[in-house]
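Student: My questions concern the predicted model and sequence given below.
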Amino acid sequence: MRSGAPGAETFQSGSLKALILTALLSVFMFQLLRTVGLRAFSMASETYMSGTHSAAFVTCPNDTVAKDLARGIVERKLAACVNIVPAIKSVYEWQGKIEEDNEVLLVSADSDLLKSTLELKLSNHPYEVAEVISLPIEQGNPPYLKWIGDVVPE
């Protein structure tokens, strides 16, 4: 019969549970901590960390829609700048047919293509299936990338 303080087995079991819990938290928190750390380092050192910003591409049916979307995006500080590229030719498959249309392309550099940015672009877009894509910016002109971060809040 045992009495008194817990034995070595209880201590080892508790230590093992603590170790497993610590390992699981580390795995789940890694991505969040990595993102926060990269952004903090980028701001503190005034160097750009790959993937901090993204470039977005949106096709529009005409210049009027493109200008309206671009202005709304910049006014809401969802992008620092939106370039309007006129007269592009798009060839695509739609409902089983090959289609060809003249379109206008919006290109923007965002702090991040946040859900609100995507929702703004889609809620004001006339297409049934709008082309709205985003790619991470790996490298670029450091002063320009800093300007994006200054203009577009996190």
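Tutor: Done, it's in. Residues are numbered from 1 along each chain as shown.
Student: from memory residue 86 sits against residue 102, does it?
Tutor: No. If you go by CB atoms under 8 Å, residue 86 and residue 102 don't touch, sitting 9.2 Å apart. Backbone N, C-alpha and C define where each C-beta goes, glycine included.
Student: Would you map the helices across this protein?
Tutor: Using DSSP state H, the helices of the chain run over 8-45, 63-75, 115-123, 142-151.
Student: weakest of those by average pLDDT?
Tutor: Between the helices of the chain, the lowest average pLDDT goes to helix 8-45, which shows a mean of 58.
Student: residues in contact with residue 104?
Tutor: Neighbouring residues of residue 104 by CB atoms under 8 Å, 6 or more residues apart in numbering: 59-63, 65-66, 84-88.
Student: Same check on residue 57?
Tutor: Contacts of residue 57 by CB under 8 Å, 6+ apart are 105-107, 131-135.
Student: which of these are buried?
Tutor: Among the contacts of residue 57, those buried by neighbour count (16 or more other CB atoms under 10 Å) are 105-106, 131-132, 134.
Student: Could you check how many residues crowd around residue 101?
Tutor: 12 (other CB atoms under 10 Å).
Student: No further questions, thank you.
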